[in-house]
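>>> got a predicted structure here, sequence first:
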Amino acid sequence: SFEIAGQEYALPLDAVQEVLDAPEVLAALPASEDLVLGVAPYRDTLLPVLSLRGLLGFARGAASGREKVIVARVSGALVGLLADRVQRIFPAEDNLIEPVPAVLRARAGGEARISAMYRGEEGQRLVAILAPAQLFREDVMQRLSAGISTATAQPDAVSNALLPPA
C-alpha cells in the first residue's frame, strides 16, 4: 500500500514489479501535462514516471523526500507511478474487500480509478484498491492492448492521452 494526499491506496501485488526511490532527475517531456513527471532510466529501457496524485485528481504536493516510484505493468507496458510514501505489503482477505459504491463507480473523476475498498482492522482501516487499467483513459488502454508503446508515440500526444477523462 502507499499514501497519496493522506489516504491509503493499494495496487494488486501482481501488477507491481518493484518499488524504487524517486529519481532525483527526470528528463522532462515538452508540452506534457502536470501528471507526466518525465522519463527515467530503468534497467535497459526508459520508464515514464507519472504522478499518482495527478492521475487521481489531486493537486501536486510539496516533495517530502519520502516519495517512491511504484513500477507497475499496465497492459504489458511498464510505468512508474510516483506515490507520496510507500507503506506496506499486506494480505487482503477476500471477505474484507468490498465493491465501490455504485454512485462513485459511475462517476468519471478520481474516484472512478478505485476498483474496490479494503476494510481492515475491523473497519478502522480503509484502503482504496486501484486497478492499473482504470488509471488511464479507455483510448490509452486500447492503444496499449494493440501493442503501441508510449516510447513510439509523439510526446505531447502521449501526455494528453494519459490524462483521465474529465
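Received, thanks. This one's a predicted model, so the numbers in the text were calculated from it and none came from an experiment.
>>> quickly find the element holding the closest residue to residue 28 other than its chain neighbours.
Excluding the flanking residues, the one nearest residue 28 by CB to CB, 6 or more residues apart in numbering is residue 38, at 4.9 Å. Yep, even glycine has a C-beta here, placed from its N, CA and C like the rest. Residue 38 belongs to strand 36-42 when assigned by DSSP states H and E.
>>> list the buried ones in that strand?
For strand 36-42, the buried set under the neighbour-count rule, 16 or more other CB atoms under 10 Å, comprises 36, 37, 38, 39, 40, 42.
>>> C-alpha coordinates for that strand, PDB please?
The C-alpha coordinates for strand 36-42 follow below in PDB (Å, rounded to 0.1, in the frame of the first residue of the first chain):
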ATOM      1  CA  VAL A  36       3.600  13.400 -16.600                       C
ATOM      2  CA  LEU A  37       6.600  14.000 -14.500                       C
ATOM      3  CA  GLY A  38       9.100  12.800 -17.100                       C
ATOM      4  CA  VAL A  39      11.200   9.800 -18.100                       C
ATOM      5  CA  ALA A  40      13.800   8.000 -16.000                       C
ATOM      6  CA  PRO A  41      16.400   5.400 -17.000                       C
ATOM      7  CA  TYR A  42      15.200   1.900 -15.800                       C
END
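>>> other SSEs contacting whatever helix or strand comes next after it?
Once the chain leaves strand 36-42, the next helix or strand it forms, by DSSP H and E, is strand 45-51. Helices and strands touching strand 45-51, by 3 or more CB pairs under 8 Å, 6 or more residues apart in numbering; DSSP states H and E, are strand 36-42, strand 68-74, strand 77-83.
>>> what angle separates strand 45-51 from strand 36-42?
150 degrees (axes from the mean of the first three to the mean of the last three CA atoms, to 10 degrees).
>>> adjust the sequence numbering to begin at 12 for everything that follows.
Sure, I'll start counting at 12 from here, so that last one is strand 56-62.
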